[in-house]
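>>> no sequence on hand, only this structure:
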C-alpha cells in the first residue's frame, strides 16, 4: 500500500481498487480500509481533502516522511529476503 | 434522479446498516471510523459512474466485500477471553462478600476489566444495590407484621449479602458468553 503511494497521491477508491487488482492478492477492497486507518493512526500516511469534479470532496492519501522511511526499510528487507529464497530455490536471476 | 438511484440508495443504506451491526464488537471510535471510510468509498465510487445503474451499485458493494469480512479485518470478532481480573472480580463479589472489602474490591476490578459491556456493568451495579434494598424493605415489612426481630435482621442481612453475590453470578454468566 505504501509502495502504491510512492508514485503519487491517490484517493481511497483508486488505492483500494489497484491493490484489489494486484495479481496474487485476493483482497476485498473493504478490508483495506482498516489497514489504511491503521497507517493513518501510525502516521505513515497523511490525508488531504480535495474537491472532486464529480460528487463530494475526496480524501487523498499521501506517503508521510515516516511512511517513506518505513517503505525504504521494508524495500531493503524484502530484497534481502527475496535473494535468500532465490538462493535456496536456485531461481536467482530468473525473470 | 431516476428510480434506479433510489434503489441504489436503498441497497447502500442496507449495506451500511449491516456493516454497522457487524462492527458492533469493535471499540466505538474504530467502528465509527470504519463505517465513515466505507461510506466515503461508496459515495466516491458512485460519483465516478457516468450513469449509475442498480447493478453498478451492487458491483461496488461486491468488490468491497461482505460487511462481516470488512468488520473482522478491523479487529477480531471474538470477545477477549476472561483472565485474572475477571475471575478476581467474581471471586471478590461472591466469596469475598464474607469480608467488608470484598464487594468493593469486586466493583473496582469490574471497572478495571474491559471485558464486560457498559450495560452489563450497569446491571451489576443495579443488582448490587437493588437486592439489598429489596431485602431491607422485606425486613421492615416483616418487623411491621410482627415477626420476631431476629428473623427480620437475619432476612435483611441475607439480602444485603445477596446483592454482591447476585451481581457476581450475573457477571459470571457473562464470562460464558465469551466462549
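Looks like it came in fine. Because the structure is a prediction, the values reported are computed rather than measured.

>>> show me what the helix or strand where residue B:176 lies packs onto, helices and strands only.
In this structure, residue B:176 is located in helix B:149-177 according to DSSP states H and E. On a contact count with 3 or more CB pairs under 8 Å, 6 or more residues apart in numbering or on different chains; DSSP states H and E, helix B:149-177 meets helix B:84-93, helix B:101-112, helix B:118-144. Yep, even glycine has a C-beta here, placed from its N, CA and C like the rest.

>>> if we use 6 Å, what do you get?
For helix B:149-177, the packing partners by 3 or more CB pairs under 6 Å, 6 or more residues apart in numbering or on different chains; DSSP states H and E come out as helix B:84-93, helix B:118-144.

>>> I'd like to know which of these is closest to chain A.
Among the helices and strands packed on helix B:149-177, helix B:118-144 comes nearest to chain A, with 23.6 Å by CB to the nearest CB.

>>> pLDDT value on the spatially most central residue of chain B, please?
Nearest to the mean C-alpha position of chain B, by CA atoms, centre = their mean, lies residue B:117 at 3.5 Å. On pLDDT, residue B:117 comes in at 77.

>>> phi, psi for it please.
Torsion angles at residue B:117 (phi, psi; degrees, to the nearest 10) stand at phi -70, psi 160.

>>> for chain B, what lies in contact range of chain A?
Contacts of chain B with chain A, taken as CB under 6 Å from any CB of the partner chain, map to B:33, B:37, B:41, B:43-45, B:47, B:63-65, B:69-70, B:73-74.

>>> can you show me the strands along chain A?
A:10-11, A:45-50, A:58-63 (DSSP state E).

>>> quick one, the last one and strand A:45-50 angle?
For strand A:58-63 against strand A:45-50, the angle between stretch directions is 150 degrees (axes from the mean of the first three to the mean of the last three CA atoms, to 10 degrees).

>>> hmm, strand A:58-63 touching chain B?
Yes. Strand A:58-63 lies within reach of chain B by CB under 6 Å from any CB, at residue A:58.

>>> report all helices and strands that that strand contacts.
Going by 3+ CB pairs under 6 Å, 6+ apart, strand A:58-63 lies up against strand A:10-11, strand A:45-50.

>>> check the shortest one too.
Other helices and strands packing on strand A:10-11, by 3+ CB pairs under 6 Å, 6+ apart, are strand A:58-63.

>>> burial of the closest residue to residue A:17 other than its chain neighbours, as a residue count?
Among residues not flanking residue A:17 along the chain, residue A:29 sits closest, at 6.4 Å (CB to CB, 6 or more residues apart in numbering or on different chains). Neighbours of residue A:29 under the rule other CB atoms under 10 Å in any protein chain shown: 25.

>>> any idea how far residue A:29 lies from residue B:126?
Distance, residue A:29 to residue B:126, using CB to CB, to the nearest Å: 44 Å.

>>> just give me the neighbour total for residue 89.
All of this is about chain A. 9.

>>> um, chain B though
Count around residue B:89 with other CB under 10 Å applied: 29.

>>> excluding its backbone neighbours, what's nearest it?
Sequence neighbours aside, residue B:109 is the residue nearest to residue B:89 in space, at 4.1 Å (criterion: CB to CB, 6+ apart).

>>> so can I have TSV of the residues of chain B next to chain A showing secondary structure?
What follows is those, written out as TSV (DSSP: H, G, I helix; E, B strand; the rest coil):
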residue	secondary structure
B:33	helix
B:37	helix
B:41	helix
B:43	helix
B:44	helix
B:45	helix
B:47	helix
B:63	helix
B:64	helix
B:65	coil
B:69	helix
B:70	helix
B:73	helix
B:74	helix
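
>>> from these, list just the buried residues.
Burial by neighbour count, judged by 16 or more other CB atoms under 10 Å in any protein chain shown, picks out B:33, B:37, B:41, B:43, B:44, B:45, B:63, B:64, B:65, B:70, B:73, B:74 from the residues of chain B next to chain A.

>>> thinking again about what came up before, wait, what's in contact with the residue nearest to residue B:89?
Residues near residue B:109 by CB atoms under 6 Å, 6 or more residues apart in numbering or on different chains: B:85, B:88, B:89.

>>> thanks a lot, see you next time.
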